[in-house]
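Visitor: structure, please.
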Amino acid sequence: MTMTPVFAVAVIRLAWEATVNPTAGTLTIIILVILGFLGVYALLVYFTIKPDFKKLKSLPVGIGLAVMATGGFISGIIHFIHFVPSPQAEVPLSLVLAILFLFAGVSAYFLILWIIWSVWKSRKNRG
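Guide: Just a heads-up that it's a prediction; the model follows:
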């Protein structure tokens, strides 16, 4: 479980940030990121203990992945909305990078949803 300290440090750091800067937008982003970390960690632990990759194509795992991707997508949009009017976005290159990151997030989100849908549909058609 090499990744346990990494996930623990990330969650502790994010929780600490929530106590230092408790604005509504920051709390929303931090809660969604912590839940995403815990979801990925739960999948890693499950597949480490019981490596059954047929479960990876199951509906509950697909729903969990879709929920985690949606949380990441929402927190990315909130972060973008808070970043654009901030003083850190004064440099034009910062705004270009933020837009490119947002575009990458939108693209990745719809790619994840498409993969989950296609796996579910192929499984439904098989039986």
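Visitor: how many neighbouring residues does Pro51 have?
Guide: For Pro51, the count of nearby residues is 9 (other Cβ atoms under 10 Å). Any C-beta I mention is one placed from the backbone N, CA and C, and that applies to glycine too.
Visitor: for the lengthiest helix in the chain, packing partners?
Guide: Once the chain is assigned using DSSP state H, the helix that runs over the most residues is helix 92-126. With contacts defined as 3 or more Cβ pairs under 8 Å, 6 or more residues apart in numbering; DSSP states H and E, the packing partners of helix 92-126 are helix 59-83.
Visitor: in the helix it packs on, what's buried?
Guide: Neighbour-count burial for helix 59-83, counted by 16 or more other Cβ atoms under 10 Å, picks out 61-62, 65-66, 68-69, 71-73, 75-76, 78-79, 83.
Visitor: follow-up on the earlier one: how about the longest helix of the chain: buried residues?
Guide: In terms of neighbour count (16+ other Cβ under 10 Å), helix 92-126 has its buried residues at 98, 102, 105, 109, 112-113, 116, 119-120.
Visitor: before we move on, what about stretch 38-51?
Guide: Neighbour-count burial for stretch 38-51 flags 39, 41, 43 (criterion: 16+ other Cβ under 10 Å).
Visitor: not counting it itself, show me its contacts.
Guide: Here stretch 38-51 makes contact (Cβ atoms under 8 Å, 6 or more residues apart in numbering) with 1, 3-4, 7, 11, 53, 55-56, 61, 64, 67-68.
Visitor: let's go with 6 Å and repeat that
Guide: Contact with stretch 38-51 is made by 7, 68, as judged by Cβ atoms under 6 Å, 6 or more residues apart in numbering.
Visitor: CA atoms of that stretch as CSV?
Guide: Extracted in CSV, the C-alpha atoms of stretch 38-51 (Å, rounded to 0.1, in the frame of the first residue of the first chain):
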residue,chain,number,x,y,z
LEU,A,38,-11.1,8.7,-1.4
GLY,A,39,-12.9,7.1,-4.3
VAL,A,40,-9.8,6.4,-6.3
TYR,A,41,-8.1,5.1,-3.1
ALA,A,42,-11.1,2.8,-2.4
LEU,A,43,-10.8,1.4,-6.0
LEU,A,44,-7.0,0.9,-5.6
VAL,A,45,-7.5,-0.9,-2.2
TYR,A,46,-10.3,-3.1,-3.6
PHE,A,47,-8.4,-4.2,-6.7
THR,A,48,-5.2,-4.7,-4.6
ILE,A,49,-7.0,-7.0,-2.2
LYS,A,50,-9.3,-8.7,-4.7
PRO,A,51,-8.0,-8.2,-8.3
